[in-house]
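**Q** Any chance you could fold what I've pasted below:
(chains A and B)
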Amino acid sequence: EAGVAQSPRYKIIEKRQSVAFWCNPISGHATLYWYQQILGQGPKLLIQFQNNGVVDDSQLPKDRFSAERLKGVDSTLKIQPAKLEDSAVYLCASSLDLDRGETQYFGPGTRLLVL
Amino acid sequence: GQNIDQPTEMTATEGAIVQINCTYQTSGFNGLFWYQQHAGEAPTFLSYNVLDGLEEKGRFSSFLSRSKGYSYLLLKELQMKDSASYLCAVKAAGNKLTFGGGTRVLVKP
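**A** Residues are numbered from 1 along each chain as shown, chains lettered A, B, ... in the order given. Reported below is the predicted structural model:
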């Protein structure tokens, strides 16, 4: 079974530039999550999709971050414009049904450095 | 809201046992996960507890007390490859996970 795919793996940009990350979840997983993980901290949920609908985006800085999941499969996360404090690893995860004890499966992450 | 606390760092010797505690305060508790994360890698699933008690999986065990808002992950017969961060994550309704800050475990020879 193929895992969660993410690209790019690394990205370096200057502040005020834009950047986009892509995620392809495990086939059949209805729930998709984007997390931000700053060095030395646990992952922080940015947005959660159920199929192509948003379930929770309460911690997404909507003035600069946006995300979409067209057709309920792939998803993109965009930052525009980027700030220095956005330097972090952006993790995508997918799951079947956590309420049945199914775990989230994480992709390898995109490491973003904003200069 | 949710509040999850775990120690920042722990050091132990190869072959020993280490216990990583996690305390949480949450509304709508619906289960607790433990993940392992090696430096520069994604988190990987270790265990899941939804009922009180101990779940054992080889060298790793996880315990939950819902009434006390407390869990621990027990790592036995420590190996060098167990050096990693261990993340406690609480599940609320709606398939949402909230992660603690992680505990970095350093295993020394």
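
**Q** From here on, just use CA atoms for contacts and neighbour counts.
**A** Will do.

**Q** buried sites along stretch B:40-54?
**A** Buried residues in stretch B:40-54, counted by 16 or more other CA atoms under 10 Å in any protein chain shown: B:42-50, B:54.

**Q** Quick check, the residue in chain A closest to chain B?
**A** A:G42 (4.2 Å; CA to the nearest CA).

**Q** which one is that residue nearest to, not counting chain neighbours?
**A** Using CA to CA, 6 or more residues apart in numbering or on different chains and skipping the chain neighbours, the partner closest in space to A:G42 is B:G101 (4.2 Å).

**Q** can you pull the contacts of the one you found?
**A** B:G101 is in contact with A:40-43, B:4-6, B:8, B:87-88, counting by CA atoms under 8 Å, 6 or more residues apart in numbering or on different chains.

**Q** Mind giving me the PyMOL select for these, buried ones only?
**A** Of those, the buried ones go into a single PyMOL selection, burial set by 16+ other CA under 10 Å:
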select buried, (chain A and resi 41+42+43) or (chain B and resi 4+5+6+8+87+88)
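
**Q** And the strands in chain A, which stretches?
**A** A:5-7, A:10-13, A:19-24, A:31-37, A:44-50, A:53-56, A:65-68, A:75-79, A:88-95, A:105-106, A:110-114 (DSSP state E).

**Q** So for B:D82, which of those sits nearest?
**A** strand A:105-106 (19.2 Å; CA to CA).

**Q** Enumerate the residues of chain B near chain A.
**A** Within chain B, the positions lying close to chain A (CA under 8 Å from any CA of the partner chain) are B:30-31, B:41-45, B:48, B:87, B:91, B:93-102.

**Q** what's near enough to touch the closest residue in space to A:N52 that isn't next to it in sequence?
**A** Computed as CA to CA, 6+ apart, the closest residue to A:N52 that is not its neighbour in sequence is A:G72, at 4.1 Å. Contacts for A:G72 (CA under 8 Å, 6+ apart) come out as A:30, A:50-53.

**Q** quick check, nearest of those to B:K68?
**A** Checking these against B:K68 with CA to CA, the nearest one is A:Q50 at 31.6 Å.

**Q** That closest one pairs with what?
**A** For A:Q50, the beta-bridge partners are A:T31, A:G53 (DSSP bridges).
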